[in-house]
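Novice: got a predicted structure plus its sequence, pasted below:
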Amino acid sequence: MSYLNQKTINSDLTFEGVGLHTGLNAKLVVKPAKPNTGIIFKRTDIKDHNIIIPNIFNVSSAVFCTTISNENGISVSTIEHLMGALYGMGIDNAMIEIDNQEVPILDGSAKLFVEAINKVGIKDSETSIKVIKIEKKIKFIDGEKTISIEPSKVSLDIDFELKYENELIGTQRNEINVYESELTDIYNSRTFCLFEDIEKLKEMGLAKGGKLENAVVVKDKKILNSSGLRNKKEFVNHKILDCMGDLYLAGYKIIGKIACSQGGHKLTNQLLRKVFESNENFSIIEINEKAVPHTLINKTHLKSIA
């Protein structure tokens, strides 16, 4: 198996469950796709104009989750965990069929997506991958929130800092190399919220499907989930998962260094939009193994299934 050729999954993956914010049940099927297809969402409950491309310019909302919409207003929300799993597992091409407007939240992480991909395996192709290479440092600031991206030789590094007044969460920071690091803790980290924010979210028409089985809830200095945390940095690790998923809306994998403090879906989208304002900020290059002796997808997973 070549690390630097485009990949898809070997067979269909099916998931069913409730949407975190809408509370609506949905069936989602991830299907194999041919090289150069990219990632595509299809709303099977809608007959016409039902194709939605996960692209930064199709993001119609980035409040508490990432929602993409097509020109006809057909949307799919909370795509970030699935997109993060596809990014980390090196899936370049997939058709994602869904019969409702929100991706099932499952257990609140990307764990079940990744396990399913590992179970069916990854299908290689003879088509080289393309990547976005960052050429200039770009920074976006929104009050105390900051995010930047700068050039890197062959990696995507994410340095993420999280700051909460809540003592249990506090300040957390983690740094990963998406193409080289062991990502199990990232995939397994669940979405979270403060207990006192639940009513506010519901008043906004959100979190209708939220429960302790699909989110970590923090009340004062206590985790309300009986199982506790899955890893010591689960809060910031989940933010990194979100960041990976949102970065994949660039259309290709990225070579660059991300530094983010107190960011989220909106900040990542704003950064990418700023990157694409000028062709001087980035280049799109086709890569093969003769040109770069480096894997641009996670070697740990690939070697285990090759």
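Specialist: That came through fine.
Novice: for the protein, which spans come out with low pLDDT?
Specialist: 1-3, 288-306 (pLDDT under 70).
Novice: that one: helices as residue ranges?
Specialist: Counting by DSSP state H, the chain has these helices, from start to end: 80-88, 111-120, 184-188, 198-203, 234-247, 265-275, 299-305.
Novice: residue nearest the centroid of the chain?
Specialist: By C-alpha atoms, centre = their mean, the chain has its centre lying nearest to residue 245, at 1.5 Å.
Novice: one step back: and among the helices of the chain, the most buried is which?
Specialist: helix 80-88 (a mean of 28; mean count of other C-beta atoms under 10 Å). (Each C-beta comes from the backbone N, C-alpha and C, glycine too.)
Novice: what's in contact with it?
Specialist: 28, 30, 39, 54, 65-66, 94, 96, 103, 105-106, 108-110, 113-114, 117, 178, 183, 186-187, 191, 241-249, 253, 265, 297-298, 301 (C-beta atoms under 8 Å, 6 or more residues apart in numbering).
Novice: got the buried residues for the longest strand along the chain?
Specialist: In the chain, taking DSSP state E as the definition, the longest strand is strand 122-134. Residues 122, 123, 125, 127, 128, 129, 130, 131, 132, 133, 134 are the ones in strand 122-134 that count as buried (16 or more other C-beta atoms under 10 Å).
Novice: those residues: which two are farthest apart?
Specialist: The most widely separated members of the buried residues of strand 122-134 are 123 and 134, with 29.1 Å between them, by C-beta to C-beta.
Novice: OK, contacts around the closest residue in space to residue 80 that isn't next to it in sequence?
Specialist: Nearest residue to residue 80, sequence neighbours excluded (C-beta to C-beta, 6 or more residues apart in numbering): residue 245, at 3.5 Å. By C-beta under 8 Å, 6+ apart, the contact set of residue 245 is 66, 79, 80, 81, 82, 83, 84, 85, 87.
Novice: among those, list the two that are farthest apart in space.
Specialist: Top of the distance list for those (C-beta to C-beta): 66 and 85, 13.9 Å.
Novice: burial count for residue 181?
Specialist: By other C-beta atoms under 10 Å, 19 other residues sit near residue 181.
Novice: what's the answer for residue 64, then?
Specialist: 19.
Novice: same check on the one 3 residues further on?
Specialist: A total of 22 residues lie near residue 67 under the criterion other C-beta under 10 Å.
Novice: thought it was touching residue 61?
Specialist: Yes: Residue 67 is within contact range of residue 61, at 4.1 Å (criterion: C-beta atoms under 8 Å).
Novice: what touches both of the two?
Specialist: With C-beta under 8 Å, 6+ apart as the test, residue 67 and residue 61 both reach residue 77.
Novice: ok, for residue 230, nearest residue in space, not its chain neighbours?
Specialist: Nearest non-adjacent residue to residue 230 (C-beta to C-beta, 6+ apart): residue 188, at 5.1 Å.
Novice: relative to residue 102, how far out is the one you found?
Specialist: As for residue 188, its distance to residue 102 is 21 Å (criterion: C-beta to C-beta, to the nearest Å).
Novice: please apply the same query to residue 143.
Specialist: Residue 143 is 29 Å from residue 102, by C-beta to C-beta.
Novice: repeat that for residue 191.
Specialist: 13 Å.
Novice: need the overlap of contacts for these two.
Specialist: residue 20.
Novice: and residue 73, how many neighbours?
Specialist: Residue 73, neighbours per other C-beta under 10 Å, totals 8.
Novice: between the buried residues of strand 122-134, which is closest to residue 12?
Specialist: residue 123 (12.2 Å).
Novice: in this structure that closest one contacts residue 7, no?
Specialist: Yes: the criterion here is C-beta under 8 Å, and residue 123 meets it with residue 7 at 6.4 Å.
Novice: how much space between residue 115 and residue 89?
Specialist: Relative to residue 89, and taking C-beta to C-beta, residue 115 is found at 11 Å.
Novice: who touches both of these two?
Specialist: By C-beta under 8 Å, 6+ apart, no residue touches both residue 115 and residue 89.
Novice: okay, now residue 194: neighbour count?
Specialist: Around residue 194 there are 17 residues (other C-beta under 10 Å).
Novice: then residue 213?
Specialist: 14.
Novice: could you do residue 263 as well?
Specialist: Residue 263, neighbours per other C-beta under 10 Å, totals 24.
Novice: ok, and the closest non-adjacent residue to it?
Specialist: Residue 263 sits nearest to residue 147 (C-beta to C-beta, 6+ apart), 4.8 Å away.
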